[in-house]
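Chemist: I would like the atomic coordinates for the input below:
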Amino acid sequence: MPVMISTKRNLTEGSLGKNLLVLSIPMILGMSLQTAFYVVDMIFVGFLGSAAIAAVSMAGLVILILITLGVGLSSATTALVSRAIGAGDQAQGAHVTIQSFVLATLISVVVGVLGYSYAESIYKLLGATPEVIEAGLGFLKISFAGVIAFFFMFIITAALRGAGDAILPVKILALSTLLNIVLDPLMIFGWGPFPRLGVNGAAYATLLSISLSVSVALYLLLKGSTLIQISLHKVRLDPRVIWQLIKIAIPGSAETLLRSVSRLALMKMVAQYGTPAIAAFGIGGSRLDMAVTLPILGISLSTATLVGQNLGAGKPDRAEKSAWVAVRWGMLLMLIVAAIFFTLAPRVIRVFDENPEVVSLGTSYIRTTTLSYLFLGAAMILGRAFSGAGDTVPPMVTAAVALWGVQIPLAYFLARHTQLQIRGIWLAIPISHTLNAALLAAWFKAGWWKLKKV
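Modeler: Residues are numbered from 1 along each chain as shown. Sure, this is the predicted structure:
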């Protein structure tokens with residue numbers, strides 16, 4: 001008998017729309033809270049000037065690259081846990097979660113040491129000015145030193161989502177966001193008993209808020225008050241499960257790596273136009289794009305759970321129908337978001353930076369990329385549907401084609417060989433989003449993922 005989520009709803013039976021709604025609303029709320037987490041960081045850092053914004057924007061892209069294994073591992077965790085729960089094996093779901101923690105610990109040590117050691121070299125490689133490096137070097141090093149907290153947050157929320165618990169991840173994210181909102185101004189500006197730490201204060205606030213939230217979540221998992229109940233007495237290395245996780249995680253991590261490195265390649269091109277351009281791309285292409293995509297990610301994550309649990313219950317056709325319902329919902333949501341951001345673009349940029357050049361460039365970025373929000377939403381949902389099935393190769397392949405076969409070469413050509421200049425970089429982004437969505441839709445429709453064994 002499949003395990004029920006906290007709402008007593010069986011995800012392998014009943015209305016597809018209602019099941020998606022039950023999971024998506026809390027997850028969208030959770031993703032929105034995560035958006036607020038990062039947006040708050042940027043708002044407070046914005047008071048320190050454009051160089052600080054540029055430094056944090058570059059650091060964010062770098063960190064995203066170096067934690068790609070964590071992202072891939074979280075996808076693998078959701079896939080295996082959801083299959084186990086769909087088949088009615090809650091003990092196996094807990095066992096998979098423990099193995100994910102073991103693997104995440106090993107990965108975080110390697111990523112943290114390498115990132116901390118080469119932080120300055122990474123900034124230089126990206127073409128950062130001395131002013132930007134000085135502002136952001138400490139931020140990047142602090143973030144790498146505590147990267148294990150980020151990995152554990154990924155694993156905890158992924159396991160709970162795979163089990164169908166959409167509520168506890170929201171509470172965890174709400175706690176970390178509230179802590180970050182409180183700690184950011186205290187540690188950045190030195191309010192009260194805290195020293196003024198500037199950009200470094202944002203890193204310390206982020207690390208502390210996530211670490212405290214992870215500690216609370218681990219306590220609940222160990223206490224046995226969640227759908228996933230782990231025990232320290234049952235911690236043992238299981239090579240078979242570790243290998244299952246790695247097989248699913250590697251393509252998923254490769255996809256994330258392709259996306260992250262493509263963003264860095266775009267940042268490298270943008271950096272040639274100066275600090276205001278970097279700040280504009282950091283606001284529009286990093287923080288605001290995150291704000292746009294995190295709500296749709298809530299639907300995407302719900303789709304992964306529905307696909308995984310229905311495959312585990314032996315209902316592949318129901319798994320497919322769940323994904324297409326989610327695509328329709330996602331495209332409608334992105335249409336609304338696109339209209340809002342297109343209309344309010346200048347005002348949104350001014351929230352972060354009132355520099356006229358930054359506002360102009362940021363506005364042009366938003367109004368160009370909103371053209372493809374519908375297709376971006378569809379691609380994200382279909383990619384997560386593949387992930388929920390444990391078939392992470394198709395999203396990796398389509399990302400490689402769309403980003404490195406089209407986006408990067410096209411951005412370089414339009415910026416260097418046409419009068420569009422930096423706006424040519426902006427234009428390449430919606431073109432690649434549209435292509436990626438088309439490729440994923442065709443591949444998903446073929447249905448080979450239904451036969452995937454994990």
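Chemist: make it CA atoms for all contacts and neighbour counts henceforth
Modeler: Will do.
Chemist: And the strands in this structure, which stretches?
Modeler: With DSSP state E as the definition, the chain shows no strands.
Chemist: for it, which spans come out with low pLDDT?
Modeler: Residues of the chain that meet the criterion pLDDT under 70 lie in 1-10.
Chemist: Enumerate every residue touching I431.
Modeler: Each residue near I431 by Cα atoms under 8 Å, 6 or more residues apart in numbering is listed here: 372, 407.
Chemist: and the gap between it and S372?
Modeler: Distance of I431 to S372, computed by Cα to Cα, to the nearest Å: 7 Å.
Chemist: now L173
Modeler: Distance from L173 to S372, by Cα to Cα: 28 Å.
Chemist: quick one: which of the two has more around it?
Modeler: Higher neighbour count among L173 and S372: L173, with 24 against 19, using other Cα atoms under 10 Å.
Chemist: ok, now which ones touch the more buried one?
Modeler: Per Cα under 8 Å, 6+ apart, neighbours of L173: 30, 33-34, 213.
Chemist: among the residues you listed, who's most crowded?
Modeler: Counting neighbours by other Cα under 10 Å, G30 leads the contacts of L173 with 26 neighbours.
Chemist: For that one, give its distance to G252.
Modeler: Distance, G30 to G252, by Cα to Cα: 22 Å.
Chemist: Kindly tell me how buried the closest residue to S322 other than its chain neighbours is, as a neighbour count.
Modeler: Counting by Cα to Cα, 6 or more residues apart in numbering, S322 lies nearest to L16, which is 5.9 Å off, once chain neighbours are set aside. For L16, the neighbour count with other Cα under 10 Å is 19.
Chemist: Verify the stated contact: L16 with E320.
Modeler: No: L16 is beyond contact range of E320, at 10.5 Å (criterion: Cα atoms under 8 Å).
Chemist: Show the end-to-end separation of stretch 439-454, please.
Modeler: 24 Å.
Chemist: Could you list the residues in contact with it?
Modeler: With Cα under 8 Å, 6+ apart as the test, stretch 439-454 has contacts from 80, 244, 311, 316, 379, 382-383, 386, 389-391, 394-395, 398.
Chemist: again with stretch 233-244
Modeler: 96, 98-100, 102-103, 454.
Chemist: please redo it, this time with the cut-off set to 7 Å
Modeler: 96, 98-99, 454 (Cα atoms under 7 Å, 6 or more residues apart in numbering).
Chemist: and of those residues, the nearest to I122?
Modeler: Among the contacts of stretch 233-244, Q99 lies closest to I122 (Cα to Cα), at 31.5 Å.
Chemist: For the closest one, which non-adjacent residue is spatially closest?
Modeler: Nearest non-adjacent residue to Q99, counting by Cα to Cα, 6+ apart: I242, 6.3 Å away.
Chemist: Distance of the one you found relative to A54?
Modeler: 38 Å.
Chemist: higher neighbour count, the two?
Modeler: For I242 and A54, the more surrounded residue by other Cα under 10 Å is A54, and the numbers stand at 30 against 16.
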